[in-house]
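Q: Prediction below, plus the sequence it came from.
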Amino acid sequence: MPIGVSQYRRPAAGRVLTGSAPALLPDGFGSEPASYPGGGSPAVRPVPVGYDTVTVAVRHGLETVDILRLRRACGSVLQSASGSAIAFLVPAGTADRWHLPGSTCTPGAALLPPTDSRWVMPPTGPSSLARPTDAWVLRSALCEAACTLTAGGLSPF
C-alpha cells in the first residue's frame, strides 16, 4: 500500500448515516425530546459520517491506548457509561470489514462534549473535532495488547 494514500473513502462532512445506531450512548439518550438540530439531546452531538466505533473490554482497551499513544497514533477514545468498555473512533466503513475476536465494530457513533469525564482521549484542537484511529493500526495494537496481557497472566477479554 502506498504511503500517504488513505485506504478509506471519506464521505463529505455534514452527512449523517441513515439508520445508524450510535455505539455508546449516555444513560437516558433518546428518552427526552429532541432539542438538538438533527435529533438527540444537547449533551450528545451526532457525529457526521466518517466514524464507526470499535469497542473492547476496559483492560484490553486501556493497554491498547497505551500502545497507540507510544506510536503517536491514538485518535479519540471513549469509556462506556458503566466503565466496562472502551470505544475507539475509526473511519466509516470499518464495520463492514471488521472481524477481530474480543471486539465489536458498530457503524456510527455519538460524541459527548469534549469536557465529559468519559473521554479517555478527548477531541482536541480549536474546533474540538474527534480524530479517528486508523483501523489497521488499531487492529495491530489490539493484537499486541492481547499478547501483552496474556504474557502477564491476565486475560484481555
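A: Received it, and whenever you're ready, just let me know what you need.
Q: After the lowest-mean-pLDDT helix or strand in the chain, which helix or strand is next?
A: Least confident helix or strand, the chain: strand 45-46 with a mean of 49, by mean pLDDT, DSSP states H and E. Toward the C-terminal end, the helix or strand that comes next after strand 45-46 (DSSP states H and E) is strand 52-57.
Q: Now the very next helix or strand once past that following strand: buried residues?
A: Toward the C-terminus, strand 52-57 is succeeded by helix 58-70 as the next helix or strand (DSSP H and E). Of the residues in helix 58-70, those buried by neighbour count under the rule 16 or more other CB atoms under 10 Å are 59-61, 63-65, 67-68. Where you see a C-beta, it was placed from the backbone N, CA and C, and this is true even at glycine.
Q: what's next to the helix ranked longest in the chain, contact-wise?
A: The helix that spans the most residues within the chain, counting by DSSP state H, is helix 135-151. With contact meaning CB atoms under 8 Å, 6 or more residues apart in numbering, helix 135-151 is reached by 7-8, 54, 56, 59-60, 63-64, 66-68, 71, 73, 88, 90-91, 94, 97-98, 100, 102-103, 155-156.
Q: That one vs helix 58-70, what angle?
A: Between helix 135-151 and helix 58-70, the angle comes out at 120 degrees (axes from the mean of the first three to the mean of the last three CA atoms, to 10 degrees).
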